[in-house]
Every structure is written in C-alpha cells, then in structure tokens.
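# Please work out how this folds:
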Amino acid sequence: MKLLRQGLLTLVALAAALAIWVVYVPSAAPYLERAGVYDLLGLEPPAPAEQAGGRGFGGGTARVVVAAAETGQANARVTAIGDGRALRSVTVRAEATGMIRELAVSPGTYVEAGALVAQLDDDAERIALERARLMVLDATRNLERSQQLSASGAVSAVQIREAELALRTAELAVEQAEFDLGQRRITAPIAGWAGLLEVSQGDRIGPQDAIAVLTDRSSIQIDFRVPERFIGQLSVGMTIEVTTLARPDHLLEGQIVALDNVVDRSSRTLRVQGQVANTDDSLRAGQAFSVALSFPGDTLPSVDPLAIQWSGDGSYVWVAREDAAVRIPVTIRQRNSDSVLVEGDLNAGDQVIIEGVQTLRPGAPVEIVESGASAEARPTREQDA
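The predicted structure follows:
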C-alpha cells in the first residue's frame, strides 16, 4: 500500500512538472510535439505564431538594442625568438709578437676609431728604423758622387745604375722598418665599447692573440626565422615589434634590414635579420629577443564583443531581420579591444543584437530600442499582463 501511494505521488509530481513545462515554456513545444506528449495528453500543439510571440515567461515582443555589423581586417601575427648581436663587433688582435708595454683601454669604456688599444715593446723596431734611414742617407751620397764623376768618364753608366738601385733598396728598408714599428701599436679598427680584456700589461702575446672585443651597439641586429608561407609578405623596411625575454613589458619597434635568399630545408623557415635602435644603451649583444610581425589578413565581419553568445554547438550572434530574431552561428577569428572579427552569414550593416539576448529564440519578434530602454520593457509588460 505504501509503495502504491509513493508511485501515485510520483506520477502526480511528473504530471505537474509536465503541465508547467507545456504551459510556461512555449519554446519547448516543438520538442514535446516530436516526443508525442500532446497526443498522449489529447492536446493540440500551439500554433507557430503563438510560439514565436513570447519572450521568456508570459510572451510579448522582445525589446532589444542592436549595433550594426562592420568589417575589419584580420591580422596574421607571427612571433619568433631571435638572437641579438651588435651592429658591428670586432675582436682586436695583435699582428706581432711582443710584450704589452701599455694598455690604453679599460673594460666598459668607449673607444674611438683609430685610438690606441695596446702598445707593444718597440725598441728593436726603432733601432731598425734608424739603421734604415742611415742606409738611405749613405746611398743618396753615393749616387750623388757617382753622378758627378760620370761627367769626366770616371764612372760608368752601370755603376750609376747600381747606385740608384742601392738608394731604392735603402728606401724600401725604411718603409719596412716603419711598418714593423707600426705593428707594435695596436689601434681600434672601429668605434665601440670595450668588453672584458683578455690580457694584462706585461703579458707577452703573439700574432692573432685576442686583446679585447669592441662592439658598436648603437643598434642591435636580431636574427630570427619566419615560416616559408609568409615569404611573399616579407620586405626590407617592414616594421617589427621587439621585446627582450628579460623585460617583456618593454616594447621596442624596429624594422627588417635583410632577408636570406635560401629557405632552410629542415625547418622550412627563412632567416630574417631585423634591427632595433639602442638609444638608451639597455640592450646587449647575445640577448634573446621575442620578435612579432603582423601581416594583413582577410576582411571579415566585425561585431560588438557583447553580441557573442555561446552554446554547446559553439559561438553565435543574434541578428534582427524583418523584426524577428535570427540566430547566426559564427567562428571567432580575432578579438580586438572593441570588436570581434568573425566568420559567418553576416554582412556589413546587419543589425546585431547586443542587449536583450537572454530570452531570445529563433523567429521571436523583436523591437529595436535605444540602449537602456530594453531593461524597462519587462516591468511594463508584467503590469499589462
């Protein structure tokens, strides 16, 4: 008996819930009709006009606020990690063997082009230069004496030619001695900042030994790679956005200065070289940089962010067409601060609903009002009811 009473109560509760669903949820009519509920209860399904006339509980025309759809251009954005290097970088090396008598630079100092970096001991070279100059002086006197004696026939033309050759040989010896002496003076080939020194005063160095690295970091060049599908859109002078991995909030603007002529077969990318000004001297060669490039994309419908709605099937918008709500499935392509670019059955000028979408359904009648008026609609309709 107890089980029978519980079963009856359950049936009554289900019948009451079904009745409430039928009466107060008009949008459920198509589902109930397909399920055969109306036939089971002996009821006639509501007419389509009645189904489309309600808004939420109680029916009526929905008052909505709309914003016209516009068009915008989607931007394809490519981000890559690149290595920075100075605009120019030179390793200063010795060209001769000797002991460092003087180091004229210190780590971290700026060196002008042609300034002294290091001076090697040069006593032997100076002696060699003086000897060569004496040889020139002696050869000059011998030639002059031979030319004076040639007038009397005491000296032959061959002897004069030998004297001229001796003078020229002595002059070349002077040039060689001056060159050797110059090799003892090591100067900066470019203007730039000196890094940590590899040697100290008093060290003995040989040819090609590194002394210091000079870097011109007035601008930093960044090597990065871009997928091959964007090659046709790359050009020298194109703007790039650059941030350091150490300071991602510090945005810099640079440009592309060079493009490689070969695509890497393994990665299918093209090597690109960008350049960014280092006006505050905060960047260093060897840093890692994040480089972003924006390419113009397709022209797509643009809607207000408030218009985007979501369901189990994805995103959609409501559009007011012929005083009725139409649900348009869309695919979001790009979000901007004040708009969303979408793909879907939308055209520029379509009246996209941005307020009053909570109780809309396909085909429901709508009335377009100014912003704020839709919030007053429900109390008014409830009073009329």
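# Tell me who's in contact with the residue nearest to the spatial centre of the chain.
Central residue of the chain (C-alpha atoms, centre = their mean): A292, 1.4 Å from the mean position. Counting by C-beta atoms under 8 Å, 6 or more residues apart in numbering, A292 touches 77-79, 240-242. For glycine as for every other residue, the C-beta is placed from the backbone atoms N, C-alpha and C.
# hmm, try it at 6 Å
By C-beta atoms under 6 Å, 6 or more residues apart in numbering, A292 lies in contact with 79, 241.
# any idea whether it is helix, strand or coil?
Of the three states, A292 takes strand under DSSP: H, G, I helix; E, B strand; the rest coil.
# Pull up the pairing partners for the lengthiest strand in the chain, direction included.
In terms of residue count, the longest strand belonging to the chain (DSSP state E) is strand 70-93. Here strand 70-93 has these sheet partners by DSSP bridges: strand 210-227 (antiparallel), strand 288-303 (antiparallel).
# Identify the residues contacting that strand?
117, 189-190, 208, 210-226, 285, 287, 289, 291-300, 302, 333-334, 341, 348.
# among the residues you listed, which ones are buried?
Buried by 16 or more other C-beta atoms under 10 Å: 117, 190, 211-217, 219-226, 285, 287, 289, 291, 293, 300, 302, 333-334, 341, out of the contacts of strand 70-93.
# Angles on the backbone of the residue nearest to E343 when sequence neighbours are not counted, please.
Distance criterion C-beta to C-beta, 6 or more residues apart in numbering; nearest residue to E343, sequence neighbours excluded, is T331 at 4.4 Å. T331 has phi and psi values of phi -120, psi 130 when expressed as degrees, to the nearest 10.
# How many residues are close by T331?
Counted with other C-beta atoms under 10 Å, the neighbours of T331 add up to 12.
# Quick check, it in contact with L346.
No - using C-beta atoms under 6 Å as the test, T331 is too far from L346 to be in contact (11.0 Å).
# Which residue ranges make up each domain of the protein?
Split into domains by automatic domain parsing, the chain comes to 2-46, 62-69+304-384, 78-86+217-297, 94-211.
# Tabulate these (a markdown table), appending mean pLDDT.
Putting those into a markdown table (pLDDT from 0 to 100) gives the following:
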| stretch | mean pLDDT |
| --- | --- |
| domain 2-46 | 66 |
| domain 62-69+304-384 | 83 |
| domain 78-86+217-297 | 91 |
| domain 94-211 | 91 |
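# where does the residue located most distally from the centre of the chain fall, phi/psi-wise?
In the chain, the residue that sits farthest from the middle, by C-alpha atoms, centre = their mean, is S152; the gap is 86.8 Å. Main-chain dihedrals, S152, degrees, to the nearest 10: phi -90, psi 0.
# quick one: contacts for it?
Counting by C-beta under 6 Å, 6+ apart, S152 touches no other residue.
# Let me know the angle separating the helix or strand just after the longest strand of the chain from strand 210-227.
Using DSSP states H and E, the helix or strand that follows strand 70-93 towards the C-terminus is strand 98-103. Angle of strand 98-103 versus strand 210-227, following axes from the mean of the first three to the mean of the last three C-alpha atoms, to 10 degrees, is 80 degrees.
# so what does strand 98-103 touch, helix or strand wise?
Judged by 3 or more C-beta pairs under 6 Å, 6 or more residues apart in numbering; DSSP states H and E, the packing partners of strand 98-103 are strand 116-120.
# Buried ones in the strand it packs on, by neighbour count?
Neighbour count says strand 116-120 has 117-120 buried, by 16+ other C-beta under 10 Å.
# and which of those is nearest I256?
The nearest member of those to I256, counting by C-beta to C-beta, is V117 at 34.2 Å.
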